[in-house]
Structures are given as C-alpha cells and as structure tokens.
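A.B. asks: Quick one, structure for this:
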Amino acid sequence: MNLTDALNCYCSKHLDNRNWYRWKIQEKYFHTHFEITLKGKTCFDKTVELKNKLHDLWQSDSTKRTSIIKAYISVWGGIRKNSDETMAKYMQSCPKRLINLGKKGVPSWSKALVIHNPQQYAIFDARVSLSLNCLQELYGIEDKTLFPILSSRNKKIQEGNKKIADISGNWEKPDDSKFYDRYLSDLKSVADHNHTDIATIEMLLFAKAEDIWMCLKNNCKYSDIQKGNHNQIRLCSACLLGLACRYNGESVPHEKVLRLAEEEVLIPVCPGNGITAKLLLENGIKVLTEEDL
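C.D. replies: So this is what the prediction gives:
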C-alpha cells in the first residue's frame, strides 16, 4: 500500500456529504470589497464558491489582483503577518516560481496559487500536512514520505506535529521544492479515483486533521497488530473498501463495510494473497471478508 491507496481508502468513507467542513466565511467583507454574493447553503459550498469567484475576478480585473490575493490569504485564511512586498510577490510570481519557494510561506503562497487556478492547485498548510503524515502511519505504509511539519496555533495540531517529528527519523524527505508537486499528484490521483476534484480532497484533509491525529494518538494503527492490540483496529478485505485489487482488477465496495468504516478504523489487506494469508493465519488474526457480511 502507498499513500495514494491510503488516501483513497480514507477519503472514500467521507465523500457522501460535506458536513465535516464547518469553517464560516466573512461574507460581508467579500461582498463589500469585491461585490461577491455567495449562494451556497453549506460552509463547504460557500468556500468552493468563494474560491472560484475570486479566481474569476482575478482573471477579469488585473487592478484588483493584489487586493484579492491579500484578502484570500489574510482575511479568509487568517494569515496576517505577510508584508505588502511579500503579497506583491505572491501576485506577480508565476506558479513555478512560487512552488520553488518550498515550505517557506507555503500556507500563504499555496493560497495564492489557488486564486491563479483552483482546478490545478490546492492549499497546503499545517492541518493538511499533519493529516498526510498521520495517515501514512495509520495505514502502515512502509516507504513513508515526510511532508513539511508546519507551525500551528492549534494545540492538537502542535501535539500531532511533535509526535510525527519524533517518529519520522527514517522517512523519506523530498527536496524542499518537490514536496508540493508530490502533494498535487497524490491529490489528483485520489480525486480522479473518487470522481471529485482536488479541492474537495484538500478540504477533507484540512477538516479531519484533528480526528486523524487523535486516531493515531489512541494507537489505532497497523503496528498494533504485531503488538497484539487487535481490539483497537480491524482488518478488512481491501476490495470491500473500494480498492481495485481483486484477481480481475476490480473492487467490490460493500455498503455495510463503508458504513462500518465511518465508526471504526479498518485496515485494508488482501487475504487472497498467499503470503498475507499465511501470516494472518499464523498470528490468529481475523479479517473481515464477504463471508462475514
């Protein structure tokens, strides 16, 4: 299993609705300064709508580009420490040049990229980074990639970051200018697999960061299998969770299993694989299969 598989497994459980996104928008500010009226009914819908309308305005009125970027970063995003000079750089620089900045200022410059093109770029911040790092540990990925650990004012995110820093000594650390491209590539793969867009996947990782960290903190992870803590997690046939790993290259996502995955941590494995089956049998580990449904 790689990170894309883990993201597919996790995201597929939460995409039926968008109630997990509860961050409100300063609608009055954007209406007053940019004449933007949001018609969406949920926080998720309004956030996507704002993003797209700011992008349209950014394209149509070059005189407002700096103020749009500044508003999206400082008012909507809550990052108020950037100087006017830095804001101007975010407005004037091409996407490649911004990406080459690496992790320095990424919560800000990635927001600027979203205004450039919300279909091609996604926000990368402390919450998203923590989710990506924790999910790799939760799903037992062998070749882990350490995404930049970013500062946060949220105490739970700080706590999670400290844990990741402690356990990630031998993880792969991409070059500073390459992690974002890797991030976009993973988002696109997951979005295509789940018939959605990269913004939705990014917003899910953002919204679920604390939940994902608390799951890891409570030892709901793959390594617990080897420690005998089988009651804290359950193994499940990967094909039932929607992963295309059957002998014919297909999956058989099961509604009951997908509902169960909303309440428990289900670790996808393939009991049809001879080596896997032998190891599970030798350790007396039960796997949820079609026969149990």
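A.B. asks: Report the buried residues of stretch 69-80.
C.D. replies: Across stretch 69-80, burial judged by 16 or more other C-beta atoms under 10 Å covers 69-74, 76-77. Any C-beta I mention is one placed from the backbone N, CA and C, and that applies to glycine too.
A.B. asks: Narrow those residues to those in helices?
C.D. replies: Secondary structure from DSSP state H places 69-70 of the buried residues of stretch 69-80 in helices.
A.B. asks: What segments of the stretch 101-250 of the chain are strands?
C.D. replies: With strands called from DSSP state E, counting those that start in this stretch, the stretch 101-250 of the chain shows them at 234-237.
A.B. asks: Point out where it drops to low pLDDT.
C.D. replies: Applying pLDDT under 70 to the stretch 101-250 of the chain flags the ranges 219-233.
A.B. asks: give the contact list for the most centrally placed residue in the chain.
C.D. replies: The chain has Leu205 as the residue nearest its centroid, 3.1 Å off, counting by C-alpha atoms, centre = their mean. Contact partners of Leu205, counting by C-beta atoms under 8 Å, 6 or more residues apart in numbering, are 127-128, 131-132.
A.B. asks: if you set the cut-off to 7 Å instead, what comes out?
C.D. replies: 128, 131-132 (C-beta atoms under 7 Å, 6 or more residues apart in numbering).
A.B. asks: can you point me to the longest helix in this protein?
C.D. replies: Max-length helix for the chain by DSSP H is helix 43-60.
A.B. asks: what comes into contact with it?
C.D. replies: Helix 43-60 has contacts (C-beta under 7 Å, 6+ apart) with 18, 21-25, 30, 34, 36, 38-40, 64-65, 68, 72, 114-115, 117-118, 199, 203.
A.B. asks: next one: stretch 74-93
C.D. replies: Outside stretch 74-93, the residues that touch it by C-beta under 7 Å, 6+ apart are 25-26, 29, 65-66, 69-70, 73, 98, 107-109, 111-112.
A.B. asks: will you turn those into a markdown table that also has distance to Met87?
C.D. replies: Formatted as a markdown table, these follow (distance: C-beta to C-beta, whole Å):
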| residue | distance to Met87 |
| --- | --- |
| Ile25 | 20 |
| Gln26 | 18 |
| Tyr29 | 17 |
| Arg65 | 10 |
| Thr66 | 6 |
| Ile69 | 6 |
| Lys70 | 5 |
| Ile73 | 7 |
| Leu98 | 12 |
| Pro107 | 14 |
| Ser108 | 9 |
| Trp109 | 10 |
| Lys111 | 11 |
| Ala112 | 9 |
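A.B. asks: Just the buried ones out of these, please.
C.D. replies: Buried, going by 16+ other C-beta under 10 Å: 25, 65, 69-70, 73, 98, 107-109, 111-112, out of the contacts of stretch 74-93.
A.B. asks: hmm, which two among these are most spread apart?
C.D. replies: Greatest spacing in those, by C-beta to C-beta: Ile25 and Leu98 (23.9 Å).
A.B. asks: excluding its backbone neighbours, what's nearest Pro253?
C.D. replies: If the residues on either side of it in the chain are set aside, Pro253 comes closest to Gly242, at 4.0 Å by C-beta to C-beta, 6 or more residues apart in numbering.
A.B. asks: For the one you found, give me phi and psi.
C.D. replies: When read as degrees, to the nearest 10, the backbone of Gly242 gives phi 100, psi 0.
A.B. asks: Which residue ranges of the stretch 51-200 of the chain form helices?
C.D. replies: With DSSP state H, counting those that start in this stretch as the criterion, the stretch 51-200 of the chain has helices at 65-70, 84-92, 95-99, 106-116, 126-138, 155-167, 179-193, 198-207.
A.B. asks: which other residues reach the longest one?
C.D. replies: Under the criterion C-beta under 7 Å, 6+ apart, residues 3-4, 7-8, 11, 99, 106, 122, 124, 145, 147-148, 174, 197-198, 200-202 lie in contact with helix 179-193.
A.B. asks: now do stretch 107-122
C.D. replies: For stretch 107-122, contacts defined as C-beta under 7 Å, 6+ apart pick out 51-52, 54-55, 58, 68-69, 72-73, 77, 79, 82, 90-91, 95, 98, 101, 123-126, 150, 184, 187, 197-199, 202.
A.B. asks: What subset of those is buried?
C.D. replies: When those are checked for burial by 16+ other C-beta under 10 Å, the buried set is 51, 54-55, 58, 68-69, 72-73, 77, 82, 90-91, 98, 101, 123-126, 150, 184, 187, 197-199, 202.
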